[in-house]
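Student: sequence and predicted structure are below.
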Amino acid sequence: MLDYARYDRIRPIRREGDTLELLDQRRLPAEVDYVVCHSADDVAAAIAQLVVRGAPAIGIAAAWGLVLGARDIEAGTGAEAAALMDPMFQRLTAARPTAVNLAWALARMRRALEAAGEDWRYVLEREAAAIADEDLVANRRMGELGAALIEPGSGVLTHCNTGSLATSGFGTALGVIRAGVAMGRIERVFAGETRPWLQGARLTVWELLQDGIPATLIADSAGAHLMKSGSVQWVIIGADRICANGDTANKIGSYQLAIAARHHGVKFMVVAPSSTVDMATPDGSAIEIELRTGEELLGYGGARTVAEGVEAWNPVFDVTPAELIDAIVTEAGVIERPTPERMAAVFGR
Ligand code: MRU
């Protein structure tokens, strides 16, 4: 049994009294500061601005956003409250398009609310807490399942931030890395910087440092060269949406890592809870890829670094085709070499 307290100390989402406190991930690691949300709209804005980010974390934050929003609603039953809260549901759903966990958490909250009687406020609060708690349990399970696939003495490369900061705690891909290090299976951890928002450089290596896990930062463009050197045996990433055929949307740059991994005989693992699995989307071509402002590419830290007049294209996710994935690790089981049939065997049709 892993000493989870030793390996998992950061909490990005805190429920405090009548508010929700979100660790401001725009400012890490320079400042460790929480943004205080008082309403569902505050939470929707925080999700859109990446105060809170990472697929599971935005679903959890949105669920708590509804709990905050419910304070302004007068209703006798859950169904009445759900109708009155519809605009909140819409605004939270629209905050970011690609990670299905957001829509999943909101749909789950709506189902619970619509079935509730006069105790609907309590039901809403209980459901949000359950979504958060179940995510932590899933991450710990995935950590064990994923680490078991890794040969002792391996090196791994990860991308973006998939740790406690992106989840309820422990993390998805980073949970596998934490478990793999603790079990002596992983000896070397590399993290890509993840331009332009620098989730890897600002968040992942900082998070691992808190745990005393040494990690080496690389430029995103160094991935293939690293694989060629023989230092890594697995690329391990999280996911924002996994389709019915196993195609996986994740942070921009994941796809090119998967291509390079296959070329170099490095294995490619996707780690995500079942709340990230979207069996209603047949394949990656149907996923909406979030386009963010080119400003994120044209400057850094508020200062422009690119000549005026230059335009930038800034898709922040890409889709890795299922055939480039060696294993999808979920709390419900491991799907090796995913196909529609293998996905359906675990998740139904
Ligand atoms: O834009 P972000 O930072 O929200 O993107 C996050 C990712 O792409 C993560 O890899 C993914 O959400 C999995 S997090 C457990």
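Tutor: Received the coordinates, thanks. These numbers come from a predicted model, not from an experiment.

Student: buried set for the helix or strand bottoming out on mean pLDDT in the chain?
Tutor: The helix or strand with the lowest mean pLDDT-type score in the chain, counting by mean pLDDT, DSSP states H and E, is helix 4-7 (a mean of 74). Buried residues in helix 4-7, defined by neighbour count with 16 or more other CB atoms under 10 Å: 4, 7. Bear in mind the C-beta positions are built from the backbone N, C-alpha and C, glycine included.

Student: what does stretch 285-305 give?
Tutor: 287, 289-290, 292, 296-298.

Student: what does the least confident helix or strand of the chain contact?
Tutor: The contact list for helix 4-7 (CB atoms under 8 Å, 6 or more residues apart in numbering) reads 140, 170, 178, 182, 211, 213.

Student: farthest-apart pair in those residues, please.
Tutor: Farthest apart among these by CB to CB are R140 and I213. That separation is 16.4 Å.

Student: more neighbours, those two?
Tutor: R140 (22 against 18; other CB atoms under 10 Å).

Student: A helix includes the more buried one, no?
Tutor: Yes. When classified by DSSP: H, G, I helix; E, B strand; the rest coil, R140 is found to be part of a helix.

Student: is it true that it touches G175?
Tutor: Yes. R140 sits in contact with G175 when judged by CB atoms under 8 Å, with a separation of 6.9 Å.

Student: what about the residue in the chain that the ligand sits nearest to, neighbour count?
Tutor: The nearest approach of the chain to the ligand comes at G238, 2.8 Å away (CB to the nearest ligand atom). By other CB under 10 Å, 32 other residues sit near G238.

Student: then I13?
Tutor: 23.

Student: now M279
Tutor: M279, neighbours per other CB under 10 Å, totals 17.

Student: and the next helix or strand past the helix or strand Y122 falls within?
Tutor: Using DSSP states H and E, the secondary-structure element containing Y122 is helix 120-147. For helix 120-147, the succeeding helix or strand toward the C-terminus, using DSSP H and E, is strand 154-158.

Student: so is that next one next to the ligand?
Tutor: No. Contact between strand 154-158 and the ligand is absent, the nearest approach being 8.9 Å (criterion: CB under 6 Å from any ligand atom).

Student: partners of that strand, with directions?
Tutor: For strand 154-158, the paired strands and their directions (DSSP bridges) are strand 186-192 (parallel), strand 234-237 (parallel).

Student: deepest of the ones you listed, which one?
Tutor: strand 234-237 (a mean of 28; mean count of other CB atoms under 10 Å).

Student: need the contact partners of that one.
Tutor: Strand 234-237 has contacts (CB under 8 Å, 6+ apart) with 146, 149-150, 154-160, 162, 173, 176-177, 223, 227, 250-251, 254, 257-258, 261, 266-271.

Student: what does the stretch 51-200 of the chain put close to the ligand?
Tutor: Counting by CB under 6 Å from any ligand atom, the stretch 51-200 of the chain sits next to the ligand at 53-56, 99, 160, 162, 166-167, 172, 199.

Student: mind checking which of the buried residues of stretch 285-305 land in strands?
Tutor: Of the buried residues of stretch 285-305, none are assigned to strands by DSSP state E.

Student: same list (the strands paired with strand 154-158) but as a markdown table, adding distance to I131 and mean pLDDT.
Tutor: Below are the strands paired with strand 154-158 laid out as a markdown table (distance: least, CB to CB, whole Å; pLDDT from 0 to 100):
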| stretch | distance to I131 | mean pLDDT |
| --- | --- | --- |
| strand 186-192 | 28 | 98 |
| strand 234-237 | 23 | 99 |
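
Student: those strands: which one's closest to G117?
Tutor: strand 234-237 (42.7 Å).

Student: what's the following helix or strand after the closest one?
Tutor: strand 241-243.

Student: what lines up beside that following strand in the sheet?
Tutor: Its sheet considered, strand 241-243 pairs with strand 248-251 (antiparallel), strand 277-278 (parallel) by DSSP bridges.

Student: quick one: distance of it to the chain centre.
Tutor: 12 Å (CA atoms, centre = their mean, to the nearest Å).

Student: can you give me the strands in the stretch 201-349 of the chain?
Tutor: 216-218, 234-237, 241-243, 248-251, 267-271, 277-278, 299-300, 303-304, 317-320, 327-330, 333-336 (DSSP state E, counting those that start in this stretch).

Student: residues from the stretch 201-349 of the chain in reach of the ligand?
Tutor: Near the ligand, when you scan the stretch 201-349 of the chain using CB under 6 Å from any ligand atom, you find 238-240, 250-251, 316.
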